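Chemist: no sequence for this one, just the structure:
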């Protein structure tokens, strides 16, 4: 692309769950980057092309890219899934990656698209099954975890999401180590990344409602717009402006 050509813009629909986010639409321009989440890229039609560090350009019906692998996805129509690397689903997906990638067949791509998660309440188990991966299994809950479950279910409604593990553990009258174990069992990831996804979701919901980046950052408990921008870039690999534009046109 020359400097005279306009970079393709992002447009489509975004949904953000706890530990994952999906995008369906037209991907805009993106440079080689890394982010702290696995990325599944599916071609709604034919193929997608990914440039991966040390492996050149790869074209396939779908590509799974492990966390922290430098890559670029060529602009065009795509369905994207970002998954927290420390979640149960993230660890299951990472097992399929060889040298940081897993190329999908047309059959796998079609099966994945048939169960594509489009709402924030989606269960990613069917997607793992469509890809031929075992559904992530969480530890069974017991009655003693009710206090932890109640706390976790109430977190999205809290105005502040910046508490420490020790502070949250104290609320449930559990030791920090027991609380840490129960959180991972119930939500599939450690407390810190879980809170980060809750804050990202809050920021994006605020932005979708019309708030600017500074206000969205404030609403979600980020220190400032720059902090929110860095976190979005780290997890999604694109500028916040691209994400917000897609949100506001969805």
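Modeler: All right, it came through fine. Keep in mind the model is a prediction, meaning the values are calculated, not measured.
Chemist: where does the chain dip in pLDDT?
Modeler: Low-confidence segments of the chain, defined by pLDDT under 70: 1-7, 118-122, 134-145, 245-250.
Chemist: need the strands for it, in chain order.
Modeler: With DSSP state E, the ranges of strands along the chain come out as 11-16, 20-27, 37-42, 48-52, 56-60, 62-65, 71-73, 76-84, 101-104.
Chemist: how about CSV for the ones you listed, with distance to residue 147 added?
Modeler: In short, each C-beta sits where N, CA and C put it, glycine included. Below are the strands of the chain laid out as CSV (distance: least, Cβ to Cβ, whole Å):
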stretch, distance to residue 147
strand 11-16, 27
strand 20-27, 26
strand 37-42, 30
strand 48-52, 44
strand 56-60, 46
strand 62-65, 37
strand 71-73, 42
strand 76-84, 24
strand 101-104, 39
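Chemist: Redo these as a markdown table? Include distance to residue 152 and mean neighbour count.
Modeler: A markdown table is the format used below for these (distance: least, Cβ to Cβ, whole Å; neighbours: other Cβ atoms under 10 Å):
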| stretch | distance to residue 152 | mean neighbour count |
| --- | --- | --- |
| strand 11-16 | 17 | 18 |
| strand 20-27 | 17 | 22 |
| strand 37-42 | 21 | 24 |
| strand 48-52 | 35 | 20 |
| strand 56-60 | 38 | 14 |
| strand 62-65 | 28 | 25 |
| strand 71-73 | 33 | 21 |
| strand 76-84 | 15 | 22 |
| strand 101-104 | 31 | 20 |
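Chemist: Out of those strands, flag the one nearest residue 207.
Modeler: strand 11-16 (10.4 Å; Cβ to Cβ).
Chemist: Strand partners (parallel or antiparallel) of the closest one?
Modeler: strand 20-27 (antiparallel) (DSSP bridges).
Chemist: quick one: the partner strand to strand 76-84, angle?
Modeler: For strand 20-27 against strand 76-84, the angle by axes from the mean of the first three to the mean of the last three Cα atoms, to 10 degrees is 170 degrees.
Chemist: which residues sit against strand 20-27?
Modeler: For strand 20-27, contacts defined as Cβ atoms under 8 Å, 6 or more residues apart in numbering pick out 8-15, 44, 73-84, 87, 89, 116-118, 122, 124, 197, 200, 235-236, 246.
Chemist: one more time with 7 Å
Modeler: 10-15, 73, 75-84, 89, 117-118, 124, 236, 246 (Cβ atoms under 7 Å, 6 or more residues apart in numbering).
Chemist: Identify, by residue count, the longest helix of this protein.
Modeler: helix 191-208 (DSSP state H).
Chemist: which helices and strands does that one pack with?
Modeler: strand 11-16, helix 176-187, helix 213-220, helix 225-236, helix 240-249 (3 or more Cβ pairs under 7 Å, 6 or more residues apart in numbering; DSSP states H and E).
Chemist: Compare those and report which one is nearest to residue 131.
Modeler: By Cβ to Cβ (comparing all of those), the closest turns out to be strand 11-16, at 19.0 Å.
Chemist: so the closest one versus helix 191-208, what angle?
Modeler: Using the same axes, to 10 degrees: strand 11-16 against helix 191-208 is 140 degrees.
Chemist: Would you reformat the helices and strands packed on helix 191-208 as a markdown table and include distance to residue 128?
Modeler: A markdown table is the format used below for these (distance: least, Cβ to Cβ, whole Å):
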| stretch | distance to residue 128 |
| --- | --- |
| strand 11-16 | 18 |
| helix 176-187 | 17 |
| helix 213-220 | 29 |
| helix 225-236 | 20 |
| helix 240-249 | 25 |
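Chemist: Before I go, just wanted to say thanks for your time.
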